[in-house]
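Visitor: got a sequence here, can you build the structure:
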Amino acid sequence: MLPATRLVSGSRPPSPGQIIGRVLRESARLTGIDKHESKMHCGCWSQLAFGLREDVGCNGGFRHGGAEASRRMPTTARLVDFGAASRYGTSRFMPNVFEPEWQAEKRAGRRVAKVAAAAGAQRLGASTVELAPGTLSSPYHFHHGNEELLIVLSGTPQLRTPDGLRELEPGDVVAFPRGPEGAHRLRNASSEPCRVIFVSEMNFPDVVGYVDTGTTLIVTAPATRLGFLSGTDEPSPDLIAAALNADPGSPC
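Guide: Residues are numbered from 1 along each chain as shown. Here you go, the predicted structure:
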């Protein structure tokens with residue numbers, strides 16, 4: 001469980017950066033990451049949460065009732081010297097979940113920024129994902145090897161799990177355990193874009209099950225995967241597209 005935060009009467013609620021920092025620090029503790037290693041030589045443990053700190057110009061907080069978070073973000077990237085040139089090869093720009101550097105779109109309406117990899121994380125994955133209206137985050141799926149965590153930054157995405165459908169709000173945090181009980185996917189059923197963070201363990205190999213089609217994806221490295229139809233041992237392409245189309249919320 002995350003440590004409770006005590007609010008003094010009249011004080012401001014935690015900022016988005018503080019919320020994310022608390023979640024990621026706890027994730028690192030539970031997965032056994034060494035605290036010194038996780039600092040990445042930044043000189044501050046809280047910078048594991050992508051440097052979202054008030055003393056570097058990141059102010060704001062959530063209004064009560066699940067309303068959008070107000071925030072003031074720096075307009076320029078912060079160059080961080082990790083103090084380990086032999087290990088990382090160069091200094092890196094600290095990624096920012098509110099001003100991400102998006103990857104090339106692989107699927108229309110879905111933008112992804114791999115912020116944990118950009119920050120130099122070795123044993124945790126984290127991606128900022130933005131969904132246009134009507135877009136699915138992924139096929140309805142579960143992992144046998146990795147637990148995942150979802151943090152909603154903005155918008156009201158619709159979450160599908162074995163318990164059914166529910167609408168999420170900014171600030172909501174949802175955990176997806178390994179196995180079929182952790183099956184999930186998001187859909188932006190609203191008229192405005194939504195933005196979330198997915199945090200994950202990085203255990204390989206991993207076996208991913210696509211519930212709607214009964215297919216299986218074997219992941220042996222972040223960019224190495226093979227898909228198999230149910231009951232076969234021959235790799236098959238386009239399984240992800242087929243699983244997306246099979247979702248009841250798919251626009252196709």
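Visitor: show me where pLDDT drops low in this protein?
Guide: Residues of the chain meeting the criterion pLDDT under 70: 1-93, 252.
Visitor: ok, now with 90
Guide: Applying pLDDT under 90 to the chain flags residues 1-94, 106, 222-223, 225, 229-239, 250-252.
Visitor: which parts of it are helices?
Guide: Counting by DSSP state H, the chain has helices at residues 16-30, 35-38, 85-88, 115-119, 239-246.
Visitor: pull out the buried positions in stretch 118-133.
Guide: A118, A119, G120, A121, L124, G125, A126, S127, T128, V129, E130, L131 (16 or more other Cβ atoms under 10 Å). For glycine as for every other residue, the C-beta is placed from the backbone atoms N, C-alpha and C.
Visitor: most widely separated two among those residues?
Guide: G120 and L131 (26.5 Å; Cβ to Cβ).
Visitor: among the buried residues of stretch 118-133, name the ones in strands.
Guide: Applying DSSP state E to these, the entries found in strands are L124, G125, A126, S127, T128, V129, E130, L131.
Visitor: any idea which of those residues is closest to G249?
Guide: The nearest member of these to G249, counting by Cβ to Cβ, is L131 at 11.6 Å.
Visitor: quick revisit: how about the buried residues of stretch 118-133 in CSV, adding distance to E105?
Guide: Putting the buried residues of stretch 118-133 into CSV (distance: Cβ to Cβ, whole Å) gives the following:
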residue, distance to E105
A118, 17
A119, 22
G120, 24
A121, 23
L124, 24
G125, 19
A126, 19
S127, 14
T128, 14
V129, 12
E130, 10
L131, 12
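Visitor: can you tell me which of those lies nearest to H184?
Guide: Nearest to H184 out of those is V129 (Cβ to Cβ; 12.8 Å).
Visitor: OK, contacts around that closest one?
Guide: Neighbouring residues of V129 by Cβ atoms under 8 Å, 6 or more residues apart in numbering: R110, R111, V112, S137, L186, R195, V196, I197, F198.
Visitor: just the ones in strands from these, please.
Guide: Going by DSSP E, the strands hold R110, R111, V112, L186, R195, V196, I197, F198 from the contacts of V129.
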